[in-house]
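Participant: Only the shape, not the letters, is given here:
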């Protein structure tokens, strides 16, 4: 059953109050063009409408509250309070060419227990609602930041949250956020039903698959989900995604010193991605230097630069497209795998 978002509730309320249809546009334009965050300040609306809006939705448009903000070079990390006395984190990345990108959360915590990830140490507390997901973006928008691109790479596994598709509907709605699908990236540890649904319903959304080891036994140790959805099964589904969408698939690979950064690992990654048919050139490996935290095991350390370069050269020699992901915000625990939702 589809959850009701605040935008649905506004439509329902306008219908119940027999308001003219243009009132909805006035409200959404006040939010998204006027950057008005309080219903009381929407003076274009009569008081007889502002009051029921406040009674139904509360005084503020945004349902989540900033508790703490940390700023580093090119990075903002915001800790938000959400209903149930819980917390989530979102990150804004500002690139020197003027581009603002966002890394937002889809769950409070995460239940999949990947060994190297700070979020996974919390366990899953709950799924975020579509409003809580999209309000992370709304917060930055209301502060005057441009929403150039968005990644579901914050806390949680996006495709494990049934509300993620409602959030995508809100984000791509031209009267709301108006984001093109190609400006959105979905990251997954490999939940096959979710990948299939994304292929059907949002074929132009960028897809990133977190691999982290080409060997099933080791991947199962690092990422227990591999027992349920092994690498080769996932790659068959990704092949189908490429055939049906014609879009690149990104393979995220976190490099852990002495664990998964050997030449043998690099050759095995290349072996997995070669010979996959006409779409094999659309696989692109993103190598991610590891970021440690206080709550992740001390045995995991960042690979040294020579080892990373060697891994890159092996992949390139095998014809695999590869880049090293630029790292921002590790000094404020805002980089990949560091979001923990604590102040």
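Facilitator: Cool, the structure landed. Note that the structure is predicted; figures quoted are calculated from it, not measured.

Participant: Do a quick rundown of the helices in the stretch 51-200 of the chain.
Facilitator: Counting by DSSP state H, counting those that start in this stretch, the segments of the stretch 51-200 of the chain that form helices are 130-142, 164-172, 192-201.

Participant: so can I have JSON lines of those helices showing mean neighbour count and distance to residue 31?
Facilitator: For every residue, glycine as well, the C-beta is placed using N, CA and C. Listed next are the helices of the stretch 51-200 of the chain as JSON lines, based on neighbours: other Cβ atoms under 10 Å; distance: least, Cβ to Cβ, whole Å:
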{"stretch": "helix 130-142", "mean neighbour count": "24", "distance to residue 31": "8"}
{"stretch": "helix 164-172", "mean neighbour count": "22", "distance to residue 31": "12"}
{"stretch": "helix 192-201", "mean neighbour count": "16", "distance to residue 31": "25"}
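
Participant: Please tabulate the ones you listed in CSV, including the columns mean pLDDT and distance to residue 211.
Facilitator: Formatted as CSV, the helices of the stretch 51-200 of the chain follow (pLDDT from 0 to 100; distance: least, Cβ to Cβ, whole Å):
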stretch, mean pLDDT, distance to residue 211
helix 130-142, 98, 25
helix 164-172, 98, 21
helix 192-201, 98, 14
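
Participant: Would you reformat those as JSON lines and include distance to residue 80?
Facilitator: Shown next, in JSON lines, are those (distance: least, Cβ to Cβ, whole Å):
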{"stretch": "helix 130-142", "distance to residue 80": "7"}
{"stretch": "helix 164-172", "distance to residue 80": "15"}
{"stretch": "helix 192-201", "distance to residue 80": "24"}
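
Participant: Nearest to residue 265 among those would be which one?
Facilitator: Closest to residue 265 of the helices of the stretch 51-200 of the chain is helix 192-201 (Cβ to Cβ; 23.7 Å).

Participant: now for that closest one, which elements pack on it?
Facilitator: helix 164-172, strand 184-188, helix 231-245 (3 or more Cβ pairs under 8 Å, 6 or more residues apart in numbering; DSSP states H and E).

Participant: follow-up on the earlier one: out of the helices of the stretch 51-200 of the chain, which is closest to residue 323?
Facilitator: By Cβ to Cβ (comparing all of the helices of the stretch 51-200 of the chain), the closest turns out to be helix 192-201, at 22.2 Å.

Participant: That closest one versus strand 184-188: what angle between them?
Facilitator: Computed by axes from the mean of the first three to the mean of the last three Cα atoms, to 10 degrees, the angle separating helix 192-201 from strand 184-188 equals 160 degrees.
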